[in-house]
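Q: Sequence and computational prediction follow.
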Amino acid sequence: MAATVSADTPLRPARAPAARWSRADRRVSPYLYTAPFFVVFALFGLFPMLYTGYVSMTGWRADRPGSESTWVGLDNYRTLLADPFFWNALKNTVGIGVLATVPQLLLALGLAHLLNYRVRGRTFFRLGVLLPNVTSVAAVTLIFVQLFGRDFGLINWLFGLFGVDHIDWQAGTLSSWTAIATIVTWRWTGYNALIYLAAMQSVPFELYEAAAIDGAGRWRQFRSITVPMLRPTILFTVIVSTIGALQLFGEPMLFSQQQDPTTGGSQHQFQTLALYSYNQFWGRFKYGYGAAVSWAMFLLIVVIVAVNLLAARRMKGVDAA
Amino acid sequence: MSRNRQLSAGKSVYATLTVGVLLSVFPLYWTVVAASRNNTDIHRVPPVLLPGGNLLHNIGQAFAQSDMQLALVNSFIVSATVTASVVVTSSLAGFAFAKLPFRGRNPLLATVVATMMVPTQLGIIPLYIMMANWFHWADHLQALIVPAVANAFGVFFMRQYLVTAVPDELLDAARMDGCTTRGLYWHVALPAARPAMAVLGMLTFMATWNDFYWPKVVMTQQNPTIQLTLSELASGYIKDYSLVLTGALVASLPVIAVFLVMGRQIIDGIMQGAMKG
């Protein structure tokens, strides 16, 4: 052939309307196809988020007509810093978050390690551990409320067999944190295990063979090969579960047996930040202040994600040295 | 394949995995036990661990004491509509990001990924104000459907799949034959995308069916979703736990059914997404 035809070479004379149409089609179509996402995000994601920022600088109270546009600047944030309930909610959120995330990811890592063996009935085991993840927060929490019941709960009964007195899971700080963290852990361990498993399957088998020849035992192989190779995946799960933990809402809300479930227990012992902001909005009609709580939550997420990423980079640096 | 060279599992591995699966499944099994008995049975010491014969009676009671019928229909309408539209919008956008060259493609794709980090909670009041005061959609199903018709996860998921699933040569050849972009989407991308669309559809259906926070904000018990009805069943002053757990069972059955049928694909989808993401 004499001439090479590239994809851009018009097949028909450029002036033909069909070619012009085709060029317009190629140029415009990608934007048309991606537009629905961006329109929906702009309207229902970005705009509300920025609007929340604006509201957080007003003294808007839904029960006081005309208060919408009372500009108060950073006052709400100043109030927040001096608000013992905010700090309490922050403490609860972090406490429950640590109790839920750390065991969850460690268990998931162990579980993935086991699933990575050549196991007969692989699909059965994978389905089994993922099942908790497909049930709803509402259903799961109500099931666990019963299991954690003070007088007739299965868990207290089980503890009783070992001579432990009935625990009032709702009443204490640590006990309620533990119960809520258990619900979260139960729901998410299998999901994280599958993510780890996917990463483990791309670790070359030769690494383990070589390590075995060098005399490294199973545990040493796990620590020195599996975990380092999984570091990006681990970082991913740490970030995702941290974000999830900071937004914890359904579990503490439905775990509460109080008249007003947004207080997070009789002494606010398990009121999370998300519950607290919800309580400000719909319990106390303080839109401005609730918005400030929401933005503080978001800033916290950003800071924690940034710290995670920095720590990961530093760890990488140590390895390279 | 390295899969053939994995270490084969010994008895202790099977034993530990079995314990893991039992712990995973037990609370759900126990829900079935509780839902098939009465409130007195549940409060027995030592606890009963086998299903009883009260299931149909309890389901009847749960339907009689709450708007469960309306809630199920509502949840079904919302989940089905959201699923259909997410699959369409995600496959369109995913196809464009994976296979169509256009100016600003990379920064726009980065934007899509970045938006996944924005917590829904941050916009919840303005979203509520928009729905309630501007559109007058509070307590209407549109309030649940419209904001959910497209999402970043879906776009990203379809993009990742289509990058490798559709060969560029095939698209070029179709172009040469005079195929329009719409034709490429319809005749080339869509058939190839089917497995990923199925997985995305299932994940979206489950997430929408299970959603609690936004329905809790924008809907009322007059027009509830199934998760709201469930929380209402549980908030009564004197609780009949067998009834609450019957509600939990009814609310969970559709997703568990989907999971049992599509489970393998869902697992593959989660694992694939993790590897590429």
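A: That came through fine. Numbers count the residues shown, from 1 in each chain, chains lettered A, B, ... in the order given.
Q: Would you tell me which helix is longest in chain A?
A: helix A:287-320 (DSSP state H).
Q: And for chain B?
A: Longest helix in chain B, counting residues (DSSP H): helix B:241-276.
Q: For that one, list every residue counted as buried.
A: By neighbour count on 16 or more other Cβ atoms under 10 Å in any protein chain shown, the buried set for helix B:241-276 is B:241-252, B:254-256, B:258-259, B:262-263, B:266-267, B:269-274. Where C-beta positions appear, they are placed from N, C-alpha and C, glycine not excepted.
Q: which of those come close to chain A?
A: Filtering these for neighbours of chain A using Cβ under 8 Å from any Cβ of the partner chain leaves B:241, B:244-245, B:247-249, B:251-252, B:255-256, B:258-259, B:263, B:266-267, B:270-272, B:274.
Q: Mean confidence (pLDDT) on the one helix or strand B:Ser85 maps to, please.
A: Here B:Ser85, judged by DSSP states H and E, is contained in helix B:68-99. Average pLDDT, helix B:68-99: 97.
Q: all helices of the stretch 51-200 of chain A, in order?
A: With helices called from DSSP state H, counting those that start in this stretch, the stretch 51-200 of chain A shows them at A:75-81, A:84-115, A:122-134, A:137-147, A:154-161, A:173-200.
Q: Comparing the ones you listed, which comes out most buried?
A: Greatest average neighbour count among the helices of the stretch 51-200 of chain A goes to helix A:137-147 (a mean of 25), per mean count of other Cβ atoms under 10 Å in any protein chain shown.
Q: Which strands or helices does that one pack on?
A: Here helix A:137-147 touches helix A:154-161, helix A:173-200, helix A:250-255, helix B:11-35, helix B:226-234, helix B:241-276, going by 3 or more Cβ pairs under 8 Å, 6 or more residues apart in numbering or on different chains; DSSP states H and E.
Q: Including mean pLDDT, could these go into JSON lines?
A: As requested, these are exported to JSON lines (pLDDT from 0 to 100):
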{"stretch": "helix A:154-161", "mean pLDDT": "91"}
{"stretch": "helix A:173-200", "mean pLDDT": "95"}
{"stretch": "helix A:250-255", "mean pLDDT": "92"}
{"stretch": "helix B:11-35", "mean pLDDT": "93"}
{"stretch": "helix B:226-234", "mean pLDDT": "91"}
{"stretch": "helix B:241-276", "mean pLDDT": "85"}
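Q: The residue in the stretch 1-150 of chain B that chain A sits nearest to and A:Val72, how far apart?
A: Going by Cβ to the nearest Cβ, chain A is nearest to B:Gly123 of the stretch 1-150 of chain B, at 2.9 Å. B:Gly123 sits at a distance of 21 Å from A:Val72 (criterion: Cβ to Cβ, to the nearest Å).
Q: Closest residue of chain A to chain B?
A: For chain A, Cβ to the nearest Cβ, closest residue to chain B: A:Pro48, 2.9 Å.
Q: how about that residue, secondary structure?
A: Taken by DSSP: H, G, I helix; E, B strand; the rest coil, the conformation at A:Pro48 corresponds to helix.
Q: How far does stretch B:263-272 sit from its chain's centre?
A: Offset of stretch B:263-272 from its chain centre (Cα atoms, centre = their mean, to the nearest Å): 13 Å.
Q: quick revisit: can you give me the angle the longest helix of chain B makes with helix B:11-35?
A: Here helix B:241-276 points in a direction 140 degrees away from that of helix B:11-35 (axes from the mean of the first three to the mean of the last three Cα atoms, to 10 degrees).
Q: Make JSON lines out of the helices of the stretch 51-200 of chain A and add distance to A:Ala62.
A: Supplementary listing: the helices of the stretch 51-200 of chain A in JSON lines, determined by distance: least, Cβ to Cβ, whole Å:
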{"stretch": "helix A:75-81", "distance to A:Ala62": "15"}
{"stretch": "helix A:84-115", "distance to A:Ala62": "19"}
{"stretch": "helix A:122-134", "distance to A:Ala62": "36"}
{"stretch": "helix A:137-147", "distance to A:Ala62": "26"}
{"stretch": "helix A:154-161", "distance to A:Ala62": "40"}
{"stretch": "helix A:173-200", "distance to A:Ala62": "29"}
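Q: For B:Gly178, which of these is the nearest?
A: Nearest to B:Gly178 among the helices of the stretch 51-200 of chain A is helix A:173-200 (41.0 Å), distances taken as Cβ to Cβ.
Q: and the closest one, is it in reach of chain B?
A: Yes: counting by Cβ under 8 Å from any Cβ, chain B has neighbours in helix A:173-200: A:Trp186, A:Thr189, A:Gly190, A:Tyr191, A:Leu194, A:Ile195, A:Leu197, A:Ala198, A:Ala199.
Q: name the helices or strands packed onto that helix?
A: Under the contact criterion of 3+ Cβ pairs under 8 Å, 6+ apart, helix A:173-200 touches helix A:84-115, helix A:122-134, helix A:137-147, helix A:231-246, helix A:250-255, helix B:11-35, helix B:241-276.
Q: repeat that with 7 Å
A: helix A:84-115, helix A:122-134, helix A:137-147, helix A:231-246, helix A:250-255, helix B:241-276 (3 or more Cβ pairs under 7 Å, 6 or more residues apart in numbering or on different chains; DSSP states H and E).
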